[in-house]
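>>> quick one: sequence plus predicted model below, questions after.
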Amino acid sequence: MKIYFASGNEHKKKEIEKLFKGHRIVLPKEEGLEFDPVEDGTSFSENAEIKARALWNVVHAPTLSDDSGLSVDALSGRPGIYSARYGEKDGEKLPDGERNALLLKEMEGKENRSAHFVSSLYFIFDEDREYSVTEKVDGYLSYTPSGKNGFGYDPIFILSDLNRSMAELTEDEKNMYSHRAKSARMMNAIIKRLEEEL
């Protein structure tokens, strides 16, 4: 199935391609489509729906979106839905390293370092069938970054199950344990069922 992925993020596209094997994943920009919806939802699932619907209204074909981020308990769930925009100045996003340093600085002196990576996927198959899935993985924030793989907050998020940072995982491990992997497994099952009905 050709699935439009409501994103401009190449890193996310690579992960989604691995998690949705057998499907052709296409970014809007690859077909010359302008895509920059206003994400003004109050949750990951609302923002995922906003992105999927915005792209569906353009392509009228199977559309998948992901909204994900890091939720830190000691910061009342921040950065949450603002994970990618955390610390931005005048609309300019901080590089990953600077954003991680900012978050670690904000955590100084806090004993509770528990955190969660959340992934909401939203899939529009046709005008009558839409599906939403949200999953998370539990962990905690490290004191210093570690690992060279992944992107975003991966180097400072330690998975509770493995006691390693997300950035220390191999690609195969990440595609097994990550928040996006968990939500993708559920969505893949839904898509498989839809294909069987065709």
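Looks like it came in fine.
>>> pLDDT wise, what is residue 21 at?
Listed pLDDT for residue 21 reads 92.
>>> could we number from 22 for the rest of this?
Taking 22 as the first residue, the last one we looked at is residue 42.
>>> burial count for it?
Residue 42: 9 surrounding residues under other C-beta atoms under 10 Å. Any C-beta I mention is one placed from the backbone N, CA and C, and that applies to glycine too.
>>> right, and the secondary structure at it would be what?
coil (DSSP: H, G, I helix; E, B strand; the rest coil).
>>> centroid-nearest residue for the chain?
residue 89 (3.3 Å; C-alpha atoms, centre = their mean).
>>> so what does the helix with the most length in the chain touch, helix or strand wise?
Ranked by number of residues, the top helix in the chain under DSSP state H is helix 200-218. Applying 3 or more C-beta pairs under 8 Å, 6 or more residues apart in numbering; DSSP states H and E, one finds that helix 200-218 contacts helix 31-40, strand 84-93, strand 135-147, strand 150-162.
>>> so what are the sheet partners of the last one and their directions?
I take that to be strand 150-162. Here strand 150-162 is paired, per DSSP bridges, with strand 135-147 (antiparallel), strand 178-180 (antiparallel).
>>> chain center to that strand: distance?
Counting by C-alpha atoms, centre = their mean, to the nearest Å, strand 150-162 is centred 9 Å from the centre of its parent chain.
>>> may I see the buried residues of stretch 206-219?
Within stretch 206-219, the residues scored as buried using 16 or more other C-beta atoms under 10 Å are 208-209, 211-212, 215.
>>> what's the answer for stretch 175-186, then?
Residues 175-180, 185-186 are the ones in stretch 175-186 that count as buried (16+ other C-beta under 10 Å).
>>> with pLDDT and distance to residue 136 added, can I get those in JSON lines?
Output for the buried residues of stretch 175-186, formatted as JSON lines (pLDDT from 0 to 100; distance: C-beta to C-beta, whole Å):
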{"residue": "175", "pLDDT": "95", "distance to residue 136": "12"}
{"residue": "176", "pLDDT": "97", "distance to residue 136": "13"}
{"residue": "177", "pLDDT": "97", "distance to residue 136": "9"}
{"residue": "178", "pLDDT": "98", "distance to residue 136": "6"}
{"residue": "179", "pLDDT": "98", "distance to residue 136": "9"}
{"residue": "180", "pLDDT": "96", "distance to residue 136": "10"}
{"residue": "185", "pLDDT": "97", "distance to residue 136": "15"}
{"residue": "186", "pLDDT": "97", "distance to residue 136": "12"}
